[in-house]
Structures are given as structure tokens and as C-alpha cells.
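**Q** Prediction below, plus the sequence it came from.
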Amino acid sequence: MDLAQLRQQWNSVLDQLERIDRIAWISFFDARLAEFDGQTLHLDFSDSRKFGSAHEYSEIRDRQITTLKTVIKEVLGIEVEISLV
């Protein structure tokens, strides 16, 4: 699967993510799929403060990333790593 194919199916991923974890959906719905090298999906955010270090979101962020990876596997059938840019 390449980046273009991921982009074509991204709404399906987000729809399933919303069903499972609305907070995770809110976190990722405005992400731009920046790059995919076959293993790591790089997500870019216009609002980078959402994952900034000014607040302690690391536990929540890790859980949301895990949920996103699970949904991508369910919907697209691929395992990916997530990188927040």
C-alpha cells in the first residue's frame, strides 16, 4: 500500500476510529497524511500544539496512537508505525 491508497481510504479509518474512541478521532481527524514509507505513517498537524509539550498528554497520546494503529490494521489490513510531525 502506498500513500495515495492510504489517503483514498483514510475516511474509512477515521469513521471506524470515531466508533471506537471519539477522543482519538478528535485528535487525528485533522491530521495530514504527510508520508508513508511502507512501514511508518507520518502525520502532520496544522495545530501542532495539540501534541505539544506544554501539557502532559504523553499517556493519552500513546493510547490514541495505539488505537489508531489498531484501526488501520482492522480497516486496511496493514500494520504501521505512527510518527507525529
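**A** Yep, that arrived.
**Q** any weak-confidence spans in the protein?
**A** 46-60 (pLDDT under 70).
**Q** now the helices for it?
**A** 3-20, 22-28, 58-76 (DSSP state H).
**Q** chain center to the shortest one, what's the gap?
**A** What that stands for is helix 22-28. Between the mean C-alpha point of helix 22-28 and the mean C-alpha point of its chain there is a distance of 9 Å (C-alpha atoms, centre = their mean, to the nearest Å).
**Q** in it, what's buried?
**A** Residues of helix 22-28 classed as buried under the neighbour-count rule (16 or more other C-beta atoms under 10 Å) are 24-25, 27-28. Any C-beta I mention is one placed from the backbone N, CA and C, and that applies to glycine too.
**Q** any idea which of those is the one closest to D2?
**A** F28 (19.8 Å; C-beta to C-beta).
**Q** Quick check: the closest one touching L17?
**A** Yes - in this structure F28 lies within contact range of L17 using C-beta atoms under 8 Å: 6.6 Å.
**Q** re the thing from before, of the helices of the chain, which is nearest E35?
**A** Using C-beta to C-beta as the measure, helix 3-20 is the one of the helices of the chain that comes nearest E35, at 6.7 Å.
**Q** hmm, who's touching the closest one?
**A** Around helix 3-20, the neighbours that count as contacts under C-beta atoms under 8 Å, 6 or more residues apart in numbering are 24-25, 28-29, 33, 35-36, 41, 67-68, 70-72, 74-76.
**Q** For the helices of the chain, give me CSV that also has distance to F45.
**A** As requested, the helices of the chain are exported to CSV (distance: least, C-beta to C-beta, whole Å):
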stretch, distance to F45
helix 3-20, 14
helix 22-28, 9
helix 58-76, 12
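**Q** taking those helices together, which one is wrapped up most tightly?
**A** Across the helices of the chain, averaging neighbours per residue (mean count of other C-beta atoms under 10 Å) puts helix 22-28 on top, at a mean of 18.
**Q** for that one, packing partners?
**A** Secondary structure elements in contact with helix 22-28, counted by 3 or more C-beta pairs under 8 Å, 6 or more residues apart in numbering; DSSP states H and E, are helix 3-20, helix 58-76.
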